[in-house]
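Participant: Structure, please.
(one chain, ligands or ions: 2)
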Amino acid sequence: MVGFYILIAILAFLFMEFVAWFTHKYIMHGPMWGWHKDHHIPHNKTLEKNDRFVFIFALPGAVLIILGVMYTLDYVLAAGIGIALYGLAYFLFHDVLVHQRIKLFKGTKNKILKATVTAHFDHHRPHSNQNFGFLIAPWKYYKQEFSKK
Ligand SMILES: [Zn+2]
Ligand SMILES: [Zn+2]
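Facilitator: Ligands and ions are numbered 1, 2, ... in the order given. From the prediction side, this is the model:
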């Protein structure tokens, strides 16, 4: 039975990569560009307007965890935990590893992570209009990275 809840958490986690991709492509680079824009402009401020999205993206996980606990709905709690873990992974990948906003670890030798980082840097090139996903990059980046000697 525990396996079932872990599966739900993993599916919720993966679903969030889709949600993040969709939101990034169609909302943040769309009607909400005003909040996301300063993430695409080099600066030395501590916080970006883009950080406001944290409060929105943290909501679904938090709400599901609270409801799951209040009504002892374990599958709702599992989904909430999966979503919250996505938020943590997203933060560690995007804000710490890629953009080094907190110097926790400097770079990586892991080829899968390196390829995913490269893909996000390509998203940051002017007029790039590609790679809106975060933890999963287009296949060509992994192929490229693994063919390097
Ligand atoms: Zn962007
Ligand atoms: Zn970025």
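Participant: give the contact list for the residue most central in space within the chain.
Facilitator: When Cα atoms, centre = their mean is applied to the chain, the residue found nearest the centroid is Tyr90 (3.3 Å). Counting by Cβ atoms under 8 Å, 6 or more residues apart in numbering, Tyr90 touches Met16, Ala20, Phe134, Leu135. No exception for glycine: its C-beta is placed from N, CA and C like everyone else's.
Participant: Pro126: which of those residues is nearest?
Facilitator: Of all those, Pro126 sits closest to Phe134, with 19.7 Å by Cβ to Cβ.
Participant: Against Val98, how distant is the closest one?
Facilitator: 9 Å (Cβ to Cβ, to the nearest Å).
Participant: per-residue confidence for the residue nearest to the centre of the chain?
Facilitator: As predicted, Tyr90 sits at a pLDDT of 97.
Participant: Please apply the same query to Met1.
Facilitator: pLDDT, read off for Met1, is 79.
Participant: Which neighbouring elements make contact with the helix or strand containing Phe121?
Facilitator: Counting by DSSP states H and E, the element that carries Phe121 is helix 111-124. For helix 111-124, the packing partners by 3 or more Cβ pairs under 8 Å, 6 or more residues apart in numbering; DSSP states H and E come out as helix 139-147.
Participant: That'll do, ta.
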